[in-house]
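[1] Everything below, folded, please.
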Amino acid sequence: MRKKIIFSYDGSKFNGLQRQKNTRTVQKTIEEALSKIFEDDIELKASGRTDAGVHAVSQVAHFDIKKDIKGLKHKLNLLLNPDIVVKSVSNVNDDFHARLSVKKKEYVYKINIGPFKSSLNCYYYQPRQKLDFALMKDASKVFLGTHDFNNFIQALDGYVETNNIEGIRQMNNEVLSECKEINNLGILDPKIINNPAVYSIITNKYYKAQEENIRMNMEIMLDFNDLNISTYELCRILGILLDNAIEAAKMCEEKIINIQVRRDFKIDRKLIIIENTYKNKSLNIDKIFEKGYSTKKNNEELHGLGLWNIRRILHKNSNLNLFTTKKDKLFSQQLEIY
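    Okay, the predicted model is just below:
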């Protein structure tokens, strides 16, 4: 049974929405309340993340339960109020997804332009100097339209050819900063994706997805260095799965890839889940690991080696499993590491 929940919260009381270790977050707090009520582990999936100090008026999320409980909204508010206020809890169809079913989002930025700080300063930004509204209006034009990373990649090639490490680092930092602000990808950070090889693979695929206007969402809740798999084999698997996800998603009207890396506490295992929208509903998931099998018409022999190579890696490592599923909207591959 799937539930939709709408709630508001004071972001100054939390270190962001997404669940993190050893710190208070909105997701973690609500999940703890739900788990206490249902006496079971409940995972909350929100429509989007907010950073530390950012508030929400009507955040939407969903969660799955085995059995219903009367008065759930009231019970949650007793546990969460006043930092989080649950506005509604309702039943929805199983194909509803808080993130994938989004029609639009609205972000409001409040700025106090008065000479003195507001007593509610945690809800307003207080600029240190007088604002030039004409200049701000002109600068806002950069947010309009569709943008890709072709120019960035070409400039980066120049730094690579001349071995200009400082130039590469500076450009990378600028792009990461833009990603955090515009694409809700603050998680794309070498301090979080702390394995340099894995970081390189994921950022490379992210830029490739951007060129195809694919939105890539990530939830990284594990240290990649703690995974019981060699970096080489992990990068091979990630590269193949993400390349396939990009190829499939770019053919869809709704172009989305979700990456989730987390621990399964019920079973002592770690999960890397890659989901993508897909168009080919007749895809035979029983055959995709066969050598030479491909949904692509050109160079089928070459294209069909990716998942076959993953199967070879799985056969060599008894602690690895890969489960493939497809639903109405999402094709999913879940790598289990024991």
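
[2] What residues does residue 255 make contact with?
    For residue 255, the contact set (CB atoms under 8 Å, 6 or more residues apart in numbering) comprises 212-215, 249, 277. Any C-beta I mention is one placed from the backbone N, CA and C, and that applies to glycine too.

[3] try residue 209
    Contacts of residue 209 by CB under 8 Å, 6+ apart are 215-216, 246, 249, 257.

[4] go on, residue 327?
    By CB under 8 Å, 6+ apart, the residues touching residue 327 are residue 95.

[5] one step back: may I see the contacts of residue 209 organised as a markdown table, with pLDDT added?
    Shown next, in a markdown table, are the contacts of residue 209 (pLDDT from 0 to 100):
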| residue | pLDDT |
| --- | --- |
| 215 | 89 |
| 216 | 89 |
| 246 | 93 |
| 249 | 92 |
| 257 | 93 |
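
[6] Point out the ones among those that are inside helices.
    246, 249 (DSSP state H).

[7] And the buried ones among the contacts of residue 255, selectable in PyMOL?
    Burial among these is assessed by 16 or more other CB atoms under 10 Å; the matching PyMOL selection reads:
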select buried, resi 214+215+249+277
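
[8] which one of the contacts of residue 255 is nearest residue 73?
    Nearest to residue 73 among those is residue 215, at 31.0 Å by CB to CB.

[9] Correct me if wrong: the closest one contacts residue 256.
    Yes - contact criterion CB atoms under 8 Å: residue 215 and residue 256 qualify, at 5.3 Å.

[10] ranges for the strands of the stretch 51-200 of the chain?
    Remark: strands assigned in the stretch 51-200 of the chain by DSSP state E, counting those that start in this stretch are 56-64, 84-92.

[11] hey, which of those strands is tucked in deepest?
    strand 56-64 (a mean of 17; mean count of other CB atoms under 10 Å).

[12] picking up where we left off before, dump the strands of the stretch 51-200 of the chain into a markdown table; add mean pLDDT and distance to residue 12 as well.
    As requested, those are exported to a markdown table (pLDDT from 0 to 100; distance: least, CB to CB, whole Å):
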| stretch | mean pLDDT | distance to residue 12 |
| --- | --- | --- |
| strand 56-64 | 94 | 12 |
| strand 84-92 | 95 | 12 |
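
[13] closest one to residue 337 among those strands?
    strand 56-64 (23.5 Å).

[14] Give me the contact list for the closest one.
    So strand 56-64 is contacted by 1-9, 11, 17, 26, 30, 34, 42-48, 50, 87, 92, 96-98, 102, 108 (CB under 8 Å, 6+ apart).

[15] Note down every partner strand of that strand and its orientation.
    strand 2-9 (antiparallel), strand 45-46 (antiparallel) (DSSP bridges).

[16] related to what we said a few turns ago, which pair in the contacts of residue 209 spans the largest distance?
    Applying CB to CB across the contacts of residue 209, the maximum distance is between 215 and 246, 11.6 Å.

[17] shared neighbours, those two?
    209, 257.

[18] Just send the contacts of residue 209 back as a markdown table, with distance to residue 166 too.
    Output for these, formatted as a markdown table (distance: CB to CB, whole Å):
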| residue | distance to residue 166 |
| --- | --- |
| 215 | 31 |
| 216 | 28 |
| 246 | 30 |
| 249 | 35 |
| 257 | 31 |
